[in-house]
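Trainee: coords please:
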Amino acid sequence: MTSATKQSKKTTASMRNPLAASPRSIELSDGMRDRIAKKAFELWQERGCRDGHDFEDWLDAEAIVMEEIHEARE
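Mentor: The predicted structure is shown next:
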């Protein structure tokens, strides 16, 4: 019965953190991390510097930077 409880906790933790659910995380180069951080900061400023949306800003910034890279390659 203890193992079922442990399994349930593992599943719950990985559902909250998408990176924990993935078999391996992706390492970003320093340049890519800097581009995303700069874009996330810009998004934060556009929102009026309100706190509490840092994760959302980061994910939005990742998507924007990846789209810029994709468009540049075409």
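
Trainee: buried set for stretch 60-74?
Mentor: 61, 62, 64, 65 (16 or more other CB atoms under 10 Å). To be clear about C-beta, it is placed using only N, CA and C from the backbone, and glycine gets the same treatment.

Trainee: what is the mean pLDDT for it?
Mentor: Mean per-residue pLDDT for stretch 60-74: 93.

Trainee: Only the C-alpha atoms, please, for that stretch, written as PDB.
Mentor: Provided in PDB are the C-alpha atoms of stretch 60-74 (Å, rounded to 0.1, in the frame of the first residue of the first chain):
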ATOM      1  CA  ASP A  60       5.700  33.100 -24.000                       C
ATOM      2  CA  ALA A  61       9.200  34.400 -24.600                       C
ATOM      3  CA  GLU A  62      10.400  30.900 -25.500                       C
ATOM      4  CA  ALA A  63       7.700  30.600 -28.100                       C
ATOM      5  CA  ILE A  64       8.400  34.000 -29.600                       C
ATOM      6  CA  VAL A  65      12.200  33.400 -29.800                       C
ATOM      7  CA  MET A  66      11.700  30.000 -31.300                       C
ATOM      8  CA  GLU A  67       9.300  31.400 -33.900                       C
ATOM      9  CA  GLU A  68      11.800  34.100 -34.800                       C
ATOM     10  CA  ILE A  69      14.500  31.500 -35.300                       C
ATOM     11  CA  HIS A  70      12.100  29.400 -37.400                       C
ATOM     12  CA  GLU A  71      11.200  32.300 -39.600                       C
ATOM     13  CA  ALA A  72      14.800  33.300 -40.000                       C
ATOM     14  CA  ARG A  73      15.700  29.800 -41.300                       C
ATOM     15  CA  GLU A  74      13.000  29.900 -44.000                       C
END
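
Trainee: By residue count, tell me the biggest helix in this protein.
Mentor: Longest helix of the chain, by residue count under DSSP state H: helix 54-73.

Trainee: Now do the helices in this protein.
Mentor: Going by DSSP H, the chain shows helices at 2-16, 18-21, 30-46, 54-73.

Trainee: mean pLDDT lowest for which of those?
Mentor: helix 2-16 (a mean of 48).

Trainee: Fine, thanks again, bye for now.
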